[in-house]
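A.B. asks: Just to be clear, the model below is a prediction. Sequence and coordinates:
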Amino acid sequence: MKTFKFIPVLLFIATFSLMSCNRDDEPANNNFRSAKDDATAENMFDDVLKQASDGMLLAEDSTAGNKDMYSPLAGGCATVSIAPFDLTTFPKTITIDFGSTNCLGNDGRNRRGVIQVVTTGWYRDSATSITVTPQNYFVDDNQVQGSKTITNLGHNAAGNLHYGIEVSGSVTTTEGIITWTSDRDREWIEGESTVFNPWDDVYLITGTASGTNVQGEAFTVTILAPLRIQFGCRWIEAGSLKIVSNGTEIVVDYGSGACDATATVTINGNTYTISMM
């Protein structure tokens with residue numbers, strides 16, 4: 001078993017680069033182009049979701065009189081406005097404006113542009129449908145285009161609030177354009193009752209994705225075992241997924257629940273230990 005470095009993204013999937021050992025049994029770097037580009041798209045649209053969710057919570061607090069609706073978001077980089085400005089009239093349009101020049105957020109990311117959110121209800125309300133549209137929106141100079149739809153599906157059989165999340169869009173990078181679609185279920189398994197403490201939030205993610213990488217090659221992604229995401233952990237704690245592109249199948253296994261930097265990659269029958277930085 002061989003050890004490599006693995007560079008993580010925000011929530012769902014990580015992108016990785018293999019350190020060359022000049023051996024015949026090492027996988028070619030181009031086998032990982034689709035994995036890298038899928039991870040980039042995942043990362044960018046995760047960012048859109050986070051900003052939209054934070055903006056909605058701020059808007060709800062503002063209409064309830066708890067906060068100024070122009071309170072800064074993302075460490076002072078954005079302002080939030082809402083129309084109509086009340087608690088009961090829907091649909092509402094929530095505009096999250098980062099300005100026209102890059103602003104460095106408290107998470108170390110540069111953003112500019114606008115995220116527009118149109119919602120039929122508040123985030124925790126069953127059957128709420130939220131459409132998120134980036135407008136000339138950039139994260140670290142990657143342009144994110146398309147739409148993301150979040151549907152509150154209520155509580156499932158396990159009693160957990162869960163959301164259907166659909167994405168159709170693209171990311172323009174310095175290397176080219178990535179197209180990406182996904183259909184996921186996001187189950188809130190811990191922390192739902194502690195409204196003001198996001199640090200105990202834990203989610204399970206299931207579903208699929210597909211797209212084309214910057215070289216125009218198609219790929220698909222299937223989550224094999226639910227990905228466990230905890231707000232306070234920088235790594236995916238558990239679960240596995242499969243990426244197929246250009247005849248190559250890559251399986252990434254994140255382990256069984258520990259918040260650590262270790263995972264494995266299996267490609268062409270060979271398994272490699274990876275370290276997430």
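C.D. replies: Looks like it came in fine.

A.B. asks: measure the most centrally placed residue in the chain to Thr248 for me?
C.D. replies: Centroid check for the chain by Cα atoms, centre = their mean gives Asp46 as the closest residue, at 2.2 Å. Between Asp46 and Thr248 the computed distance is 25 Å (Cβ to Cβ, to the nearest Å). The way it works is simple: take the backbone N, C-alpha and C, and place the C-beta from them, glycine included.

A.B. asks: Go ahead and name everything in contact with the helix or strand hosting Asp253.
C.D. replies: Assigned by DSSP states H and E, Asp253 belongs to strand 248-256. Strand 248-256 is contacted by residues 13-14, 31-32, 35, 224, 227-228, 235-244, 262-268 when judged by Cβ atoms under 8 Å, 6 or more residues apart in numbering.

A.B. asks: Ok, stretch 237-246 next?
C.D. replies: 13, 31, 33-35, 38, 204-205, 213, 217-230, 249-259.

A.B. asks: any idea of the mean pLDDT for it?
C.D. replies: For stretch 237-246, mean pLDDT rounds to 92.

A.B. asks: Could you check how far it is from the centre of its chain?
C.D. replies: With Cα atoms, centre = their mean, to the nearest Å as the basis, stretch 237-246 stands 15 Å off its chain's centre.

A.B. asks: quick revisit: narrow the contacts of stretch 237-246 to those in strands?
C.D. replies: Members of those lying in strands (criterion: DSSP state E): 204-205, 218-230, 249-256.

A.B. asks: number of nearby residues for the residue lying closest to Leu87 once chain neighbours are set aside?
C.D. replies: Counting by Cβ to Cβ, 6 or more residues apart in numbering, Leu87 lies nearest to Thr63, which is 4.9 Å off, once chain neighbours are set aside. Neighbourhood size, Thr63 [other Cβ atoms under 10 Å]: 19.

A.B. asks: Check Asp38 too.
C.D. replies: Neighbour tally, Asp38, other Cβ under 10 Å: 27.

A.B. asks: cool, Ala127 as well?
C.D. replies: The burial count for Ala127: 10, using other Cβ under 10 Å.

A.B. asks: so what's it up against?
C.D. replies: Counted by Cβ under 8 Å, 6+ apart, Ala127 has contacts 120-121, 151-152, 154.
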